[in-house]
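Q: just the structure for this:
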Amino acid sequence: MIGGARQSPRLLLVTGMSGAGKSTVLDALEDMGWDVVDNLPTDLLDGFVHGASECRTVPAAVGMDSRSRGFDPETLPGLIRSMSGVSPELLYLDCASPELIRRFDATRRLHPLAPDRPAEDGIQRERRLTFPLKAAADTVLDTTDLSPAKLRDELRLRYGDDDDQPVLTLTSFSFARGISRTADLVFDLRFVPNPHWVDELRPLTGEDVPVRDYLSQQPEWADALDRIESLLNDWIPRYWTAGKSYVTVAFGCTGGRHRSVAAAVEMAERLRRAGLAPNIRHRDLSSPPNDLIEHKLGERPMGRTAESESEVNQ
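A: You can find the predicted model right below:
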């Protein structure tokens, strides 16, 4: 909580879509010193929170989903927020349906709401069932693009012992691999000349000096980053004043390896000079260079016109 120390230990309800990573979340919180229990029946919640002493001193996380006895998405938010002596929060874990289907196929587990039907039937039913929880959640965390390691990093930022300071994350991504799902603000850098089409820069990334030097020579680069920096320096404190504890700013380009990465790195340097402390995450940095992706999204090698491109393809 911004502006003062938290008076009561945190009580976090972890819920959401089956297969979205609840077990990983609870394991990570337990590693961070939280008191954790999974699939707790709702009639045992008060006893877990208060215990015999009626005074909790460490943060607690409770995992509940459609398998939990007494699970009622309509009444559960009110039940959690009625707990005395704690600071209640609700974390809803979401994930795109195709990725959930892939995860159930990979693990060969049955969906709890479709034990005798395809997993997609259970996923659709669970989305409808848990919608009240998603609508009431303090945080909706989409795990579609997060590996278990990255999910743990995200949880460490959000729920680690950081004296409740707001969390600012700058991330880069590839539009070819889907827009960043966790971003509050997205900036598209595809209007800047693409280093991918410079032979000596193609195998490098936006973290490398030659790529950053090349981009700094493009007149639109400095102008764009100056404008974005001014906007962020104005908006980010306003987000925090309004009570938003987590702000994610995403920079996108075609392949997610050059322009977006360089923008995230440079913007982090600029914001640090302004007194902020951003984290950096590069979603698609490890993806190999791919000419086909660049062409499909409408980018041509510099100096090649539409007419010359047509001649090459004839």
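Q: export the strand or helix carrying Val37 as CSV, just CAs?
A: Using DSSP states H and E, Val37 sits within strand 35-38. The C-alpha trace of strand 35-38 is given here as CSV (Å, rounded to 0.1, in the frame of the first residue of the first chain):
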residue,chain,number,x,y,z
ASP,A,35,1.9,-19.5,5.0
VAL,A,36,0.2,-21.5,2.2
VAL,A,37,-2.6,-23.9,1.9
ASP,A,38,-4.3,-25.3,-1.3
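Q: sheet partners, orientation included, of that strand?
A: Taking DSSP bridges as the criterion, strand 35-38 forms sheet pairs with strand 60-63 (parallel).
Q: so after the partner strand, what's the next helix or strand?
A: Assigned by DSSP H and E, the successor of strand 60-63 is helix 76-81.
Q: which parts of that next one are buried?
A: For helix 76-81, the neighbour count (16 or more other Cβ atoms under 10 Å) marks Leu76, Pro77, Leu79, Ile80, Arg81 as buried. Every residue, glycine included, has its C-beta placed from N, CA and C.
Q: quick one: contacts of it?
A: Leu11, Leu13, Thr15, Thr42, Leu45, Val62, Met64, Pro88, Leu90, Pro132, Leu133, Ala136 (Cβ atoms under 8 Å, 6 or more residues apart in numbering).
Q: what is the nearest of those residues to Leu189?
A: Checking the contacts of helix 76-81 against Leu189 with Cβ to Cβ, the nearest one is Leu90 at 34.8 Å.
Q: doesn't Ala136 make contact with that closest one?
A: Yes - in this structure Leu90 lies within contact range of Ala136 using Cβ atoms under 8 Å: 6.1 Å.
Q: the more surrounded of those two?
A: Leu90 (21 against 17; other Cβ atoms under 10 Å).
Q: now do the strand holding Val37, average pLDDT.
A: For strand 35-38, mean pLDDT rounds to 92.
Q: give the next helix or strand downstream of that strand.
A: Next along from strand 35-38, by DSSP H and E: helix 45-50.
Q: can you pull out the strands in the stretch 51-200 of the chain?
A: 60-63, 87-94, 139-142, 167-174, 185-188 (DSSP state E, counting those that start in this stretch).
Q: now the third one: average pLDDT?
A: For strand 139-142, mean pLDDT is 93.
Q: residue contacts, the residue most central in space within the chain?
A: When Cα atoms, centre = their mean is applied to the chain, the residue found nearest the centroid is Thr182 (3.8 Å). Applying Cβ under 8 Å, 6+ apart to Thr182 gives the contacts Leu141, Asp142, Asp145, Glu154, Thr171, Thr248, Ala250.
Q: so Glu120 versus Leu133, what's the distance?
A: When Cβ to Cβ, to the nearest Å is the yardstick, Glu120 and Leu133 sit 20 Å from each other.
Q: likewise for Thr205?
A: 39 Å.
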